[in-house]
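**Student:** turn this into a model:
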Amino acid sequence: MWTLLLLLWADPASFDNALRSGLEALQSNNLPVARARLEDAGKMQPNNSRVWLGLAQTYWKLGLADLAHSAAARAQLADPDNPVVLHGLAYFYSESGEQAKAAPLEARYAEKAQRDRDAFPRAVDLYLQAKQAQQAIDLAHKALLQEDRADLRELLGTAYEMNGQPEKAVVEMQQAIHLNRYEESFYFGLGRLYLRHNNPTAAIQIFEDGRKVFARSAQLELALGVAYYGLRRFADAADCFLRTIQIAPQVEQPYVFLGRMLDQAEDRLPQITQAYGSFLKAQPGSYLASFLYAKALSMGAGDPRQVDGLLRQSIATNDKFWESHYELALLLERQRNFDAAAGEYRRSIELNAENPTLHYHLARVYERLGRKDEAAAEHAAHQRLSNAETAAIRRQESALTYLDLPSK
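**Tutor:** Okay, the predicted model is just below:
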């Protein structure tokens, strides 16, 4: 009897069945069965890397992190140069949030798996996720020696920027577009790089080039609007944001940007107000939609009762959004309801205490209420915060670098 059991235990077919059924159970997310069958297989062949790879994933999905990492280490020890093992371990460590461990494993896999054209880009991306820019640069250069590819150029540009070399990043991202002008993300990435480095004019050129290829791209249209906004070309920015809304009315960002520039886009106010009305109709439970519609109506001398109702609706939906309280306070102040206005200003300050404008308005209301000491305190807070804000802006401006378009 014992002899028969030993033979069955060592039977390769029995091992193959256990491994196969364990992996199938893992694929179908039947984790208890996967664990049992793979552990059975591990007892039959304790040095089989495939078993430990499967167990690493199974244990991780079961929330058994220590067992999962132990299994991964055993898989690597069992067959450290096997491409399947290297790729599997890279996937495991990536899934477990350890990109720094995953990246070199995927890089070694890429060197062995020449037919997998996505291996090198995956490895470079893992280095970027791990914030290891120099390793990403080195690997991308190695991969480019084998094949000059747009995706690798774009990743190399990202790595150069991460490594503090934005000029080199521009060159690589431009080359990516040259190699493949039909990849929308390349235009967006390069344009965003220019925006981060204080050259909205160059960003506009790139986004415009992209828009010629991707005429219905909400992403590029929105980014172009941001670039125009940076140059204080408010009418052009407003038009871009309105077109973004036409392309993708469910996206919130263009509505928010328009809300920040209503006083600079008064000639577009009817279109903006209409867009906000449609936004609220599509999302009646959105605090943002009711707030923005109220703000536009107020700007356009709309019915104060409607504006009041919309702002209170926004506050009822989200009491922690300071701008709704602020807009309601402005409305109440215009109506000379100073006590109520002061309450809304105080609530907005509770939510955004570092905003100097809020303290200034509260000081004015306190003056009208005859509360001189409180008004003086708010004026002092306004002055202190304004000075700090100005200093911060100057520091930020001095730290900005200016990137030019490379000569063609």
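**Student:** hey, let's count contacts and neighbours off CA atoms from now on
**Tutor:** OK.
**Student:** so where do the helices sit in the stretch 251-400 of the chain?
**Tutor:** For the stretch 251-400 of the chain, applying DSSP state H, counting those that start in this stretch gives helices covering 253-260, 269-282, 287-299, 304-317, 322-334, 338-351, 356-368, 372-399.
**Student:** can you pull the buried residues of the third one?
**Tutor:** Meaning helix 287-299. Counting neighbours by 16 or more other CA atoms under 10 Å, one finds that the buried residues in helix 287-299 are 287-298.
**Student:** those into CSV, with extra columns for pLDDT?
**Tutor:** Shown next, in CSV, are the buried residues of helix 287-299 (pLDDT from 0 to 100):
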residue, pLDDT
Y287, 97
L288, 97
A289, 97
S290, 98
F291, 98
L292, 98
Y293, 97
A294, 97
K295, 97
A296, 97
L297, 96
S298, 94
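**Student:** tell me the one of those residues nearest F279?
**Tutor:** Among those, A289 lies closest to F279 (CA to CA), at 6.0 Å.
**Student:** can you pull the contacts of the closest residue to the closest one other than its chain neighbours?
**Tutor:** Leaving aside its chain neighbours, A289 sits nearest to L280 (4.9 Å; criterion: CA to CA, 6 or more residues apart in numbering). Residues in contact with L280, defined by CA atoms under 8 Å, 6 or more residues apart in numbering, are 286, 289-290, 293.
**Student:** same question, A18
**Tutor:** Here A18 is in contact with 37-38, 40-41 (CA under 8 Å, 6+ apart).
**Student:** which of these tops the neighbour count?
**Tutor:** The residue in those with the most neighbours, by other CA atoms under 10 Å, is L38 (28 neighbours).
**Student:** give me the neighbour count for E327.
**Tutor:** Neighbour number of E327 under other CA under 10 Å is 23.
**Student:** that one touches Y293, doesn't it?
**Tutor:** No - using CA atoms under 8 Å, E327 is not in contact with Y293; the gap is 11.5 Å.
**Student:** next one: the nearest residue to K112 once chain neighbours are set aside from R50, what distance?
**Tutor:** In space, and not counting its chain neighbours, K112 is closest to P83: 6.4 Å by CA to CA, 6+ apart. With the distance defined as CA to CA, to the nearest Å, P83 ends up 12 Å from R50.
**Student:** now swap in M44 and tell me
**Tutor:** 13 Å.
**Student:** OK, contacts around I177?
**Tutor:** Per CA under 8 Å, 6+ apart, neighbours of I177: 150, 183, 186-187.
**Student:** picking that back up, closest one of the contacts of A18 to Y345?
**Tutor:** Distances from Y345 to the contacts of A18, taken by CA to CA, are shortest for L38, at 63.3 Å.
**Student:** element containing the closest one, please.
**Tutor:** Using DSSP states H and E, L38 sits within helix 31-44.
**Student:** helices or strands next to that helix in the packing?
**Tutor:** For helix 31-44, the packing partners by 3 or more CA pairs under 8 Å, 6 or more residues apart in numbering; DSSP states H and E come out as helix 12-27, helix 49-61.
**Student:** any chance of a markdown table for the ones you listed, columns mean pLDDT?
**Tutor:** What follows is the helices and strands packed on helix 31-44, written out as a markdown table (pLDDT from 0 to 100):
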| stretch | mean pLDDT |
| --- | --- |
| helix 12-27 | 87 |
| helix 49-61 | 93 |
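**Student:** out of those, which is the most enclosed?
**Tutor:** The highest mean neighbour count among those, using mean count of other CA atoms under 10 Å, belongs to helix 49-61: a mean of 24.
**Student:** roughly how far does the residue lying closest to N355 once chain neighbours are set aside sit from A18?
**Tutor:** Counting by CA to CA, 6+ apart, N355 lies nearest to L385, which is 7.1 Å off, once chain neighbours are set aside. Noted for L385: a distance of 68 Å to A18, by CA to CA.
**Student:** check contacts around D116.
**Tutor:** D116 touches A110, counting by CA under 8 Å, 6+ apart.
**Student:** tell me the phi and psi of it?
**Tutor:** phi -90, psi 100 (degrees, to the nearest 10).
**Student:** how about A248?
**Tutor:** According to degrees, to the nearest 10, A248 has phi -140, psi 80.
**Student:** ok, it - contacts?
**Tutor:** Applying CA under 8 Å, 6+ apart, the residues near A248 are A218.
**Student:** wait, C240 sits on L224?
**Tutor:** Yes - the pair C240 / L224 is scored as a contact, 6.8 Å apart, by CA under 8 Å.
**Student:** tell me which of these two has more neighbours.
**Tutor:** L224 (29 against 24).
**Student:** what about the more buried one, which helix or strand?
**Tutor:** Assigned by DSSP H and E, L224 falls in helix 218-230.
**Student:** now do that helix: distance to the chain's middle.
**Tutor:** What separates the centre of helix 218-230 from the centre of its chain is 16 Å, taken as CA atoms, centre = their mean, to the nearest Å.
**Student:** what's that helix packed up against?
**Tutor:** Using 3+ CA pairs under 8 Å, 6+ apart, helix 218-230 sits against helix 184-196, helix 200-213, helix 234-247.
**Student:** I'd like the average pLDDT over whatever helix or strand L128 lives in.
**Tutor:** L128 belongs to helix 119-129 when assigned by DSSP H and E. Averaging pLDDT along helix 119-129 yields 97.
**Student:** let's have the chain start at 722 instead
**Tutor:** In the new count, where the first residue is 722, that last one comes out as helix 840-850.
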